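give me the fold of what follows.
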Amino acid sequence: MQNFKKRLVEFARSQYDMGQTRFEEKCGIHPGTISAIKSNGPTALVITKIAFTCPELNLNWLFRGEGEMLNSAPTVKTEVATTSGPLIQNVFVTNFADLKDVMVEAIKESRQ
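This next block holds a predicted model:
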């Protein structure tokens, strides 16, 4: 999970120019959560909050280091920031499907 933490911090710095504490605040997660990920791994709630707050984040990259840091639709962040209602719900539902797959893989790996 150390690489997960490292990639999450890299994302926060490159996309939002934030360190861990400010990024945790932005996502609505408790201070120190990102540091704890290194040893405990992320909870489903933390992953969901990050995915909802940062729909442009490619979860395969975050968990596995595969692909690009950002999802292939570069306008998602802008559209979500300027729109409400159904678009945000659609973006979240799309990301949730990816999130589910990634979480299933992470659980399988943690049990081995």
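
dump the residue contacts of Gly28.
Contact partners of Gly28, counting by Cβ atoms under 8 Å, 6 or more residues apart in numbering, are Lys49, Thr53. For the C-beta atoms, the positions are set from N, CA and C on the backbone; glycine is no exception.

measure it to Thr53 for me?
Taking Cβ to Cβ, to the nearest Å as the measure, Gly28 falls 7 Å from Thr53.

go on, Gly41?
19 Å.

same thing with Arg7?
16 Å.

ok, these two, which is more surrounded?
Arg7 (18 against 15; other Cβ atoms under 10 Å).

now whichever strand or helix holds the more buried one: buried residues?
Per DSSP states H and E, Arg7 falls inside helix 2-16. For helix 2-16, the neighbour count (16 or more other Cβ atoms under 10 Å) marks Phe4, Lys5, Arg7, Leu8, Val9, Phe11, Ala12 as buried.

so how far does stretch 54-68 reach from one end to the other?
Chord length of stretch 54-68, first to last residue, is 15 Å (Cα to Cα, to the nearest Å).

wait, stretch 25-42
Using Cα to Cα, the end-to-end distance of stretch 25-42 comes to 16 Å.

how about stretch 50-59?
Span of stretch 50-59 from end to end, Cα to Cα: 10 Å.

what of stretch 35-51?
18 Å.

ditto for stretch 16-32
First-to-last residue span, stretch 16-32, Cα to Cα: 18 Å.

would you map the helices across the chain?
2-16, 20-27, 33-40, 44-53, 59-64, 76-82, 86-111 (DSSP state H).

where among the ones you listed is average confidence lowest?
Across the helices of the chain, helix 76-82 has the smallest mean pLDDT, namely a mean of 42.
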